[in-house]
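Provided below are the primary sequence and the corresponding predicted coordinates.
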Amino acid sequence: MTAPLTVEVDLGSGWTPVCRYDDLVPGRGAAALVDGRQVALFRDRAGTVYAVGNLDPFSGAHVISRGLLGTREGVPVVVSPMHKQAFDLRSGHCPDEPEGPDGTPARLPVWPVRLTPAPSAP
Amino acid sequence: MARTPHLLLVGHGMVGQHFLQTLTRRGGAHRITVLAEEPRPAYDRVHLTSLFSGTTERELSLWEEEFGRQHGIDLRLGDPATAIDREARTVTTRSGAVAGYDTLVLATGSRPFVPPVEGRDTPGCFVYRTVEDVMAVRARARHATAGVVVGGGLLGLEAAGALHAMGLATHVVEFAPRLMAAQVDDGGGSALRRRVEQLGVVVHTGVAARGVEAGEDGTVHRVTLTDGTVIDCGLVVFSAGVRPRDDLARACGLPVGERGGVVVDKGCRTADPAVYAIGECALTSDGKVHGLVAPGYSMAEAAAGRITEESGEFTGSYPAASLKLLGVDVAGFGDAHATGDDALEVTYADSRADVYKKLLLTPDGRLLGGVLVGDTSAYDVLRPLAAAGAPLTSPPEALLFPGGDASGAPSGPAGLPDEALICSCHHVTKATICAAVSEQGCTDVRAVKRCTHAGTGCGSCTGLLTKLVESTLSRSGVAVATGLCEHFPQTRPELYEIVRTHGVTTFSRLIDEHGNGGDGCEVCKPTVASILASLNPRLGNSVHILDGEQAALQDTNDHFLANLQRNGSYSVVPRIPAGEITPEGLITIGEIARDFGLYTKITGGQRIDMFGATVDQLPHIWRRLVDAGFESGHAYGKALRTVKSCVGTDWCRFGVQDSVALAIELELRYRGLRSPHKIKAAVSGCARECAEARGKDFGVIATSAGWNLYVGGNGGMTPRHADLLIADADHDTLVRTIDRFLMFYIGTADRLERTAPWIERMEGGLDHLRSVIVDDALGICADLDALMARHVDTYEDEWRATLEDPERLRRFASFVNAPGTPDPTVRFVTERGQIRPAPVLLPVPEPAVAR
């Protein structure tokens, strides 16, 4: 593999390049700003990239990207650094506490993400 | 298209909000309007008193704008209903607005009852029900030295607790002969009274308030009681019970009870089929008005069920409550006042410790009810036993005595009948939980929670649930996993040994070769990171915790070398060894905090914490600190925090040794040492112990002959004094013993186990510890010494090393695609001349998109 890969996400208005694949540390996340919205990007040990909302529904702080990545019974999850709730990176669901403090479903938005050999965004 | 029916809710308290949540979850197709009297949406009234201890209004709120938007709820604050026209099906509000309804739900709650005391309207008299009431009490309390609470029930003691917490001399006046007359009996009342009096609260029982007198300024000055007692005070709180607010129903001709309350049937429907009443304003089919929140929630669910699908019943609730009032644990359940030939009493009273427990039983051994004061640990087991009404399988005294079995819990969940309700929030019985384990293959508590929903409501049954799941597992022959997590079958000490003896230097190798593969999780990753950090000097690796694969293992605090705070910002703590700092140093910290607009506070460990830094600011702040000679304080790490000291012989007239010099030496020796949990230490220069060394993991106290070393102390949730390990040691013996103590702890403690529980768990306890690290009974001391020597030799300041490496610095970007843009959601307001996090307003969540 020679061409640097670019990570692109689609928040509903088309694919947006966000960063280089190499910018993402395996097992960790990074926050990105896309159309004024905060996106948490993760790259797991196997190399898969996920894009979910950066807002932690339990604390109201934009910190999901700083959580630890892991698996629970094989399901890839991110664990909020604030109060340690886990979120399924594929669906955004929180298996620990299905509802947030307000009684609405505690669920992170999940966006499609792809890798392209296209040049990185400036 | 059919018209959407209009549901009008009058009252937006806890029960009203619970009704809205249940109704919308059930998918009722209604247009919803809510008329609220208070200027703010529903909030957690049960925890009103916590406003005095730092909880914010925002945290008490039960309402999210998004919830309202999502369900199109028209919430009208500060405009209460004033009249109902059942003919026209309309409600008029105070502002004159008229709202129609197809279904009307009354959730108007109750009003505080103020007894007819002369002068009860004097400024300085309050009730205790709303946020406004609490604010008013708090404002008045600032200018008062004493306060009187009229009413010694549950709410009265809550209010007394608040006054006491604000430093007021507090009096409680109760007309009944004992406190909490409704919940406890005479014996329990006396134990409660003694405990409350020990706090300095003055209790007057069997008397009433006769009059409130105003002083020259026209506000409360003193209170006279019916026995002639005169109490000088600046404020009075009336908390003598509540009365249902049924006036709206009364005025429109709906039947109400003799003593108040809108009469409703099992479905919470009033005499008018279009009108429901729920919560404290309702007189339910069991002939009672229920004043607690749990039955109110059940009514809300019953009414929501009736409205959406014609099912749902409220036929009464099992009376039970367990709470902490003025720091005293009190619980009552079932019929605590049963008398006569049919009830047998079993009582345990310890007036020395002011513990009182009573059980009431039928002659055939069924539990009717009970009272627990001072020690409510048995409540979890007793409540479901009493509610189930089955004959007891173990002698009742075994249920009452402390330490009934090894775990201290009486008889344990194994003794519960199958129908015992374990989780009352979700109505889950013991049988359901056992079946989840034995029939549906759940092998841990998390799986049982997911399968049965038990423990996912208020969470108070989690302890009982865990014991039940574990006992069921072991009975069915399943080994209860002792491993770290699903990725590692080993314990932390076992992993430490694997890393040490096999020289495993990466998480990947450890999980692939010794674990179950996968990506790890929030439990094993930081644990392995900590083990690697402790052993890296020995293994010859880079000692920087952010190097290589280790970066991905660290918790957010270690990852950013700072402490995450509630709004996503971080705090910064430079090391100030032993708390000794030059005026120049203080000025530098002051200047940095000022230039970056940080909040500053002195910590308990004799240093300075700077709050409110964003991720991108951290390297800039640390550049200035490092340039001024400061280094990381490791406040973010499971590592040595501080070695606190008193001023010792240099200045103190009483000091016998130089405690500051020793504390600095120890802090510099052990700085950066990663461990299973944080380590705190202190050195006192004489037996007066001003450094509070016995509250630390290791504490040193000077004697005229040398140093005494104490180990295994801590503050926190379960405070414990450290025990004497060696006495009158010389300097070198002292340091060598501490070296070994710390390294033995790091090698053998469990994850997140402080030194105190570690020693307690050790077979042989302190004596064994002494034989290992003083007498070298295991022959490992040379190894422990070498480990510590390597640590001391290889220490480097994490922050300096981070600043020197552009690769390590890259992580401190706010956004990977906009590194220069600070996080716009981290905002602050000003309070007492400094910043604090702005209240969080949850933005609209993004709609989820299927992948």
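Looks like it came in fine. Computed from a prediction, not measured in an experiment: that's the story for all the values here. Numbering: from 1, shown residues only, chains lettered A, B, ... in the order given.

does residue B:670 really touch residue B:741, like I thought?
No. Using Cβ atoms under 8 Å, residue B:670 is not in contact with residue B:741, being 10.7 Å away. No exception for glycine: its C-beta is placed from N, CA and C like everyone else's.

Can you name the residues that contact the nearest residue to residue B:113 once chain neighbours are set aside?
Nearest residue to residue B:113 in three dimensions, chain neighbours excluded: residue B:241, at 4.6 Å (Cβ to Cβ, 6 or more residues apart in numbering or on different chains). Contacts for residue B:241 (Cβ atoms under 8 Å, 6 or more residues apart in numbering or on different chains) come out as B:112-113, B:151, B:153, B:155.

10 Å - rerun?
By Cβ atoms under 10 Å, 6 or more residues apart in numbering or on different chains, the contact set of residue B:241 is B:110, B:112-115, B:151, B:153-156, B:182, B:291.

Repeat that for residue B:121.
By Cβ under 10 Å, 6+ apart, the contact set of residue B:121 is B:114, B:212.

so how many other residues sit close to whichever residue of the stretch 101-250 of chain B sits closest to chain A?
For the stretch 101-250 of chain B, the residue closest to chain A is residue B:107, as judged by Cβ to the nearest Cβ, at 16.1 Å. Applying other Cβ atoms under 10 Å in any protein chain shown, we find 30 residues neighbouring residue B:107.

you'd agree it is up against residue B:15?
Yes. Using Cβ atoms under 10 Å, residue B:107 is in contact with residue B:15, at 5.1 Å.

Name the residues contacting each of these two.
B:42, B:278-282, B:296, B:299-300, B:303.

which non-adjacent residue is nearest residue 50?
Let's take chain A. residue A:89 (4.2 Å).

that answer is for a different chain, and I need it for chain B
Closest to residue B:50 by Cβ to Cβ, 6+ apart is residue B:60, at 7.4 Å.

can you pull the contacts of that neighbour?
Taking Cβ under 10 Å, 6+ apart as the test, what residue B:60 contacts is B:40, B:42-48, B:50-51, B:131.

Just want the most central residue of chain B.
residue B:717 (10.5 Å; Cα atoms, centre = their mean).

Dump the lowest-mean-pLDDT helix or strand in chain B to CSV, restricted to CA.
Sorting the helices and strands of chain B by mean pLDDT, DSSP states H and E puts helix B:396-400 at the bottom, at a mean of 72. Taking C-alpha atoms only, helix B:396-400 is exported to CSV below (Å, rounded to 0.1, in the frame of the first residue of the first chain):
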residue,chain,number,x,y,z
PRO,B,396,-35.5,-14.2,62.3
GLU,B,397,-32.7,-13.3,64.7
ALA,B,398,-30.2,-14.4,62.1
LEU,B,399,-31.7,-11.8,59.8
LEU,B,400,-31.1,-9.1,62.4
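
so what are the domain limits for chain B?
B:6-111+B:244-309, B:114-240, B:324-411, B:418-476, B:492-542, B:555-632+B:797-851, B:639-796 (automatic domain parsing).

so which of the ones you listed gets nearest residue A:4?
Nearest to residue A:4 among these is domain B:555-632+B:797-851 (14.5 Å), distances taken as Cβ to Cβ.

Spell out which parts of the stretch 1-150 of chain B neighbour chain A.
B:17-18, B:20-22, B:24-25, B:58-59, B:61-68, B:70-71 (Cβ under 10 Å from any Cβ of the partner chain).

between the contacts of residue B:60, which is nearest residue B:726?
Out of those, the member with the shortest distance to residue B:726 (by Cβ to Cβ) is residue B:50, at 44.3 Å.

So that closest one sits against residue B:324, correct?
No. Taking contacts as Cβ under 10 Å, residue B:50 lies outside contact range of residue B:324: 11.5 Å.

who's more crowded, those two?
Using other Cβ under 10 Å, the more surrounded residue of residue B:50 and residue B:324 is residue B:50, with 15 against 11.

Output stretch B:795-813 as PDB, nothing but the C-alphas.
What follows is stretch B:795-813, C-alpha atoms only, in PDB (Å, rounded to 0.1, in the frame of the first residue of the first chain):
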ATOM      1  CA  TYR B 795      12.300   8.700  35.900                       C
ATOM      2  CA  GLU B 796      11.700  11.500  33.500                       C
ATOM      3  CA  ASP B 797       9.200  14.300  33.600                       C
ATOM      4  CA  GLU B 798       6.300  13.100  31.300                       C
ATOM      5  CA  TRP B 799       5.300  16.700  30.400                       C
ATOM      6  CA  ARG B 800       8.800  17.800  29.500                       C
ATOM      7  CA  ALA B 801       9.300  14.700  27.400                       C
ATOM      8  CA  THR B 802       6.000  15.300  25.700                       C
ATOM      9  CA  LEU B 803       6.800  18.900  24.800                       C
ATOM     10  CA  GLU B 804      10.100  17.800  23.300                       C
ATOM     11  CA  ASP B 805       8.400  15.400  20.800                       C
ATOM     12  CA  PRO B 806       6.200  16.700  18.000                       C
ATOM     13  CA  GLU B 807       4.700  13.200  17.500                       C
ATOM     14  CA  ARG B 808       3.500  13.100  21.200                       C
ATOM     15  CA  LEU B 809       2.200  16.600  20.800                       C
ATOM     16  CA  ARG B 810      -0.100  15.800  17.900                       C
ATOM     17  CA  ARG B 811      -2.800  14.300  20.200                       C
ATOM     18  CA  PHE B 812      -3.400  17.700  21.800                       C
ATOM     19  CA  ALA B 813      -5.500  18.900  18.800                       C
END
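
Nice, that's everything, thank you.
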